[in-house]
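[1] What follows is a predicted protein model with its sequence.
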Amino acid sequence: MRSRKEQQEEIKTKEGMQKGKRLNREMAIVTYLFMVLFLVMAGYIMWFAVHDAEQVLNHPGNKRQELMAKRVRRGSILSAEGKALAQTKTDKDGNEKRVYPYDGLFAHVAGRLSHGKTGIESTESYTMLTSGVNPLLGILNEIRGEKNPGNNVVTTLSLRLSQTAGSALGSQKGAVVAIDPETGKILAMVSKPTYDPNDLTDARWNQLTEDKGEDSALYNRATQGLYPPGSTFKLYTALEYMREEKAYHKFQYVCKGSIGSGNDRIKCYGGEIHGRVGLTEAFAESCNAAFCQIGSGLQVSDWKSLCESLYYNKKTPLQKLEQSTSRFAITDSTAKGDIMQASIGQGDTLVTPLQNALLVCAAVNNGTLMRPYLLDHTEDADGNVLETYEPVKDSQPVTEKEAKALKKLMRATVTEGTAHSLYSGTPYKAGGKTGSAEFQNGSTDSHAWFVGYAEKDGKKLVVSIVVEAAGTGSTYAVPIAKEIFNDYLG
């Protein structure tokens with residue numbers, strides 16, 4: 001039999017072992033907590049590097065850029081052909097000046113440095129204040145008190161096509177967007193009126209911000225302008241009808257020049273009477289009455305889903321510019337008269353010129369929508385490529401069969417409808433949809449629209465054009481498209 005002393009020692013031993021186990025368990029818990037915290041921090045760092053770093057580094061309020069600007073001469077913004085759209089020049093006294101060789105042509109896309117950075121000047125500021133020169137040469141330059149040359153940003157913008165678009169738009173207010181539908185590259189983006197970022201004295205800046213002429217020259221109409229799409233929206237109405245009605249090719253309607261009565265009465269443009277039309281004729285001749293009839297019978301929720309799949313009610317995936325959100329706001333409780341207005345792109349439906357090109361891009365690219373983008377690559381001062389931006393598939397909003405049907409409708413608009421001037425004497429195959437979008441303030445004026453495409457020998461181009469308060473799309477927007485198509489494919 002064990003003595004009392006042995007029993008006490010045994011109890012102490014057991015208590016010690018239990019205490020040791022508790023300590024080990026507590027240490028394990030602490031260790032696991034630290035491991036979890038470490039993994040969370042590592043995950044955040046990775047997330048920041050992938051998703052947030054560029055935005056933070058290029059933020060105008062980032063003071064690090066000011067320090068970098070003391071050591072690096074800001075790089076250039078280049079066109080797809082390598083022409084400088086924005087560059088830094090240094091005079092004999094060492095004073096730097098940002099120069100925009102094409103005055104206001106690229107003011108809304110390339111942006112400006114003074115009076116608040118905008119456009120690519122803002123979103124790629126950090127990139128252009130980073131130097132890719134040889135590190136040893138960079139150190140020697142700093143020892144000599146010389147700035148290192150910053151990296152250049154090469155855009156997808158074609159100088160030639162942009163100049164053609166700007167010239168074709170002339171002195172009219174509006175916007176032009178031209179996109180390669182197979183890659184998503186934005187080849188031209190022009191907004192007018194514009195301003196000259198070389199001439200931003202305080203007096204000139206005050207004139208621009210006061211905007212007494214109501215020109216909104218600081219405003220990028222291509223991505224920020226919101227317009228009723230008018231008859232260009234019939235692309236969406238037609239597509240939803242084709243989805244819901246398998247025998248859509250049998251559609252027949254007798255147009256008497258208007259539909260509805262009283263305050264809900266909607267006329268065809270100019271009171272034109274189209275007579276008996278099928279879907280193709282109604283689309284090509286832009287028969288409002290026929291499309292109001294179609295729209296009033298659609299499933300609103302499905303129709304809205306279609307629109308949202310092509311960036312209505314949300315911003316487009318273009319990341320480098322400020323943009324407004326297109327709007328398609330009807331619901332199941334919307335009045336029939338308002339639904340008919342929506343079916344022809346009127347009422348509360350609003351669209352940006354960029355977003356209005358997306359359905360055409362998908363249709364021309366066999367149903368695949370490529371993500372629109374503006375930057376092709378970055379390079380150092382010697383032209384060595386540092387980073388390349390590849391085309392990215394955004395979505396498949398329409399099937400190949402639907403894309404073919406939409407192209408057929410758009411082609412009919414050119415061969416026998418409101419865009420017939422694109423048919424005669426042109427060396428390419430074109431299609432599209434015109435629009436004359438009425439103002440919502442009771443004015444009899446209308447915005448002239450054209451969205452469409454042209455292709456030749458496998459080369460394709462999509463355009464979206466709006467001319468403010470001009471009249472019909474066939475008279476004012478289609479000729480602009482023709483000049484752009486001729487330049488690109490002629």
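    Great, that's in hand. Just so it is clear, the structure is predicted and the values come from calculations on it, not from any experiment.

[2] hey, where'd the strands end up in the stretch 101-250 of the chain?
    With strands called from DSSP state E, counting those that start in this stretch, the stretch 101-250 of the chain shows them at 148-149, 152-155, 174-179, 186-192.

[3] mind checking how far the last one is from the chain centre?
    Between the centre of strand 186-192 and the centre of its chain there are 11 Å (CA atoms, centre = their mean, to the nearest Å).

[4] With the third one instead?
    Here strand 174-179 is found 11 Å from its chain centre; the criterion is CA atoms, centre = their mean.

[5] that older thread, export the strands of the stretch 101-250 of the chain to TSV and tack on mean neighbour count, distance to Leu129 and mean pLDDT?
    C-betas here are computed from N, CA, C, even on glycine. Output for those, formatted as TSV (neighbours: other CB atoms under 10 Å; distance: least, CB to CB, whole Å; pLDDT from 0 to 100):
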stretch	mean neighbour count	distance to Leu129	mean pLDDT
strand 148-149	22	10	91
strand 152-155	26	11	98
strand 174-179	28	29	98
strand 186-192	27	24	98
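
[6] So Gln319, which state does it fall into?
    Three-state call for Gln319 (DSSP: H, G, I helix; E, B strand; the rest coil): coil.

[7] so how far is Glu124 from it?
    For Gln319, the distance to Glu124 equals 11 Å [CB to CB, to the nearest Å].

[8] of the two, who's got more company?
    Shown here are Gln319 and Glu124; by other CB atoms under 10 Å, Glu124 has more neighbours (25 against 15).

[9] you'd agree that one is up against Leu375?
    Yes - if you go by CB atoms under 8 Å, Glu124 and Leu375 touch, sitting 7.3 Å apart.

[10] got any residues that touch both of those two?
    Val153, Lys320 (CB atoms under 8 Å, 6 or more residues apart in numbering).

[11] Quick one: residues contacting the nearest residue to Ala188 once chain neighbours are set aside.
    Leaving aside its sequence neighbours, Ala188 sits nearest to Ala178 (CB to CB, 6 or more residues apart in numbering; 4.0 Å). Residues near Ala178 by CB under 8 Å, 6+ apart: Leu161, Ala165, Ile186, Leu187, Ala188, Met189, Leu461, Val462, Val463, Ile484, Tyr488.

[12] For Arg221, see how far away Ala178 is.
    15 Å.

[13] cool, and Arg265?
    According to CB to CB, Arg265 and Arg221 sit 32 Å apart.

[14] quick one, which of these two is more surrounded?
    Arg221 (28 against 11).

[15] Check that one and give its pLDDT.
    Note on Arg221: pLDDT of 98.

[16] does Lys456 have beta-bridge partners, and which?
    For Lys456, the residues forming beta bridges with it (DSSP bridges) are Lys459.

[17] Please verify my assumption that it contacts Thr426.
    No - using CB under 8 Å as the test, Lys456 is too far from Thr426 to be in contact (9.2 Å).

[18] Next, work out how far apart the nearest residue to Cys361 once chain neighbours are set aside and Val466 are.
    Leaving aside its sequence neighbours, Cys361 sits nearest to Pro181 (CB to CB, 6+ apart; 4.1 Å). Distance from Pro181 to Val466, counting by CB to CB: 19 Å.

[19] quick one, which of those two is more surrounded?
    More crowded of Pro181 and Val466, by other CB under 10 Å: Val466, with 34 against 24.

[20] show me the contacts for the more buried one.
    So Val466 contacts Gly174, Ala175, Arg221, Gly225, Tyr227, Pro353, Asn356, His447, Ala448, Trp449, Ala477 (CB under 8 Å, 6+ apart).

[21] how about the helices of the stretch 251-400 of the chain, start to end?
    For the stretch 251-400 of the chain, the helices defined by DSSP state H, counting those that start in this stretch occupy 279-284, 288-295, 300-309, 336-343, 358-364, 400-415.

[22] Report the next helix or strand after the longest one in sequence order.
    Toward the C-terminal end, the helix or strand that comes next after helix 400-415 (DSSP states H and E) is strand 429-438.

[23] Provide the count of other residues in contact range of Cys361.
    Neighbour number of Cys361 under other CB under 10 Å is 25.

[24] from memory it sits against Leu461, does it?
    No - the pair Cys361 / Leu461 is not scored as a contact, 10.1 Å apart, by CB under 8 Å.

[25] Common neighbours of those two, please.
    Shared contacts of Cys361 and Leu461, counting by CB under 8 Å, 6+ apart, come down to Ile179, Pro181.

[26] Distance-wise, check Val277 relative to Gly270.
    From Val277 to Gly270 the distance is 16 Å (CB to CB).

[27] More neighbours: those two, which one.
    Legend: neighbour count by other CB under 10 Å for Val277 and Gly270, higher for Val277 (19 against 8).

[28] got the contact list for the more buried one?
    Gln252, Tyr253, Val254, Cys255, Glu285, Cys287, Ala290.

[29] and if we set it to 6 Å?
    Counting by CB atoms under 6 Å, 6 or more residues apart in numbering, Val277 touches Tyr253, Cys255, Cys287, Ala290.
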